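Asks: Take this sequence and fold it.
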Amino acid sequence: MSNDEDLEEMTGGYASPPCFMHELTPDYRVQPATHRSGGSDVARWRRAERKRLIDARMALDPDERNRRSKRIASRLEAALGRPGGRILAAYWPVRGEPDLRNWMIRAFERGSRIALPIVIAKNRPLEFSLWSPGDRLERGVWDMLVPARGTAVQPDVIVAPGVGFDEADHRLGYGGGLLDRTLAAMSRKPQVIGVGYAESRIRTIYPQPFDVPMDFVVTDG
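Replies: I've put the predicted structure just below:
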């Protein structure tokens with residue numbers, strides 16, 4: 001499966017319902033490649049690890065997922081402090097990601113401006129559009145929810161959900177490379193904060209030259 005196919009698979013649903021997966025066996029993981037190994041070995045390992053981590057979070061009970069999302073939101077608020085008038089880019093949750101929509105509303109009420117990412121086209125950097133609570137959303141590229149009439153902005157902070165994060169705060173995403181490509185294209189680098197459940201922490205993602213580490217990662221663990 002290509003990177004773009006991985007990303008298309010990711011966009012199948014929003015605020016995902018529970019999905020009860022078979023228990024994973026101890027020998028599930030593919031033997032990982034080293035950092036110096038060929039890109040195809042790393043890509044193959046990442047696909048297997050991505051599936052394992054997504055299956056695990058989708059199997060969480062919805063109430064448990066909600067409790068853990070609130071814990072992440074509380075820690076995120078503490079880490080950011082007073083938001084002031086900063087532009088905070090967040091996301092609409094998919095496939096069991098931490099649901100931070102209430103945190104977005106609270107940040108807006110405290111003076112922040114909120115932006116949501118927009119996929120323009122395959123292999124293009126993301127754009128960010130302002131969103132306020134109550135604004136209409138519409139389906140964009142890959143059927144993703146985006147502001148219907150937002151103003152394009154460059155965020156001061158990007159809150160990025162990850163499938164996995166390693167000990168050096170590199171992010172394992174959905175395989176499309178959208179965030180890395182976006183950060184590389186920005187004239188002014190924002191603060192980038194990864195968010196995920198405690199189980200998303202892994203030893204390494206076997207980072208490649210294009211992988212951009214997060215400034216830090218917030219989990220519920």
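Asks: Report the buried residues of stretch 174-181.
Replies: For stretch 174-181, burial by neighbour count (16 or more other CB atoms under 10 Å) applies to Tyr174, Gly175, Gly176, Gly177, Leu178, Leu179, Asp180. C-beta: built from backbone N, CA, C; applies to glycine.
Asks: and of the residues you listed, the nearest to Ala78?
Replies: Using CB to CB, Leu179 comes nearest to Ala78 of these, at 23.6 Å.
Asks: Looks to me like that closest one is in a strand.
Replies: No: using DSSP: H, G, I helix; E, B strand; the rest coil, the assignment for Leu179 is helix, not a strand.
Asks: so what's it up against?
Replies: Leu126, Ile158, Ala160, Arg171, Gly173, Val192, Val212 (CB atoms under 8 Å, 6 or more residues apart in numbering).
Asks: what's the distance between Ile114 and Arg188?
Replies: For Ile114, the distance to Arg188 equals 19 Å [CB to CB, to the nearest Å].
Asks: which of the two has more neighbours?
Replies: Ile114 (26 against 7; other CB atoms under 10 Å).
Asks: Surely that one is in a strand?
Replies: Yes: assigned with three-state DSSP, Ile114 falls within a strand.
Asks: how about the strands in the chain?
Replies: 87-89, 113-118, 127-131, 137-139, 145-147, 152-153, 157-161, 164-165, 171-172, 191-195, 216-218 (DSSP state E).
Asks: Using a markdown table, lay out those strands together with mean pLDDT.
Replies: Compiled in a markdown table, the strands of the chain are given as follows (pLDDT from 0 to 100):
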| stretch | mean pLDDT |
| --- | --- |
| strand 87-89 | 98 |
| strand 113-118 | 96 |
| strand 127-131 | 97 |
| strand 137-139 | 93 |
| strand 145-147 | 91 |
| strand 152-153 | 95 |
| strand 157-161 | 98 |
| strand 164-165 | 98 |
| strand 171-172 | 97 |
| strand 191-195 | 98 |
| strand 216-218 | 98 |
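Asks: Switch those over to CSV; also include distance to Arg47.
Replies: Shown next, in CSV, are these (distance: least, CB to CB, whole Å):
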stretch, distance to Arg47
strand 87-89, 27
strand 113-118, 23
strand 127-131, 27
strand 137-139, 26
strand 145-147, 25
strand 152-153, 33
strand 157-161, 18
strand 164-165, 12
strand 171-172, 10
strand 191-195, 20
strand 216-218, 22
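Asks: of those, which approaches Ala107 most closely?
Replies: strand 87-89 (5.6 Å).
Asks: helices and strands around that closest one, which ones?
Replies: strand 113-118, strand 127-131, strand 157-161 (3 or more CB pairs under 8 Å, 6 or more residues apart in numbering; DSSP states H and E).
Asks: For Trp45, which of those strands is the nearest?
Replies: Per CB to CB, nearest to Trp45 of those: strand 157-161, 20.8 Å.
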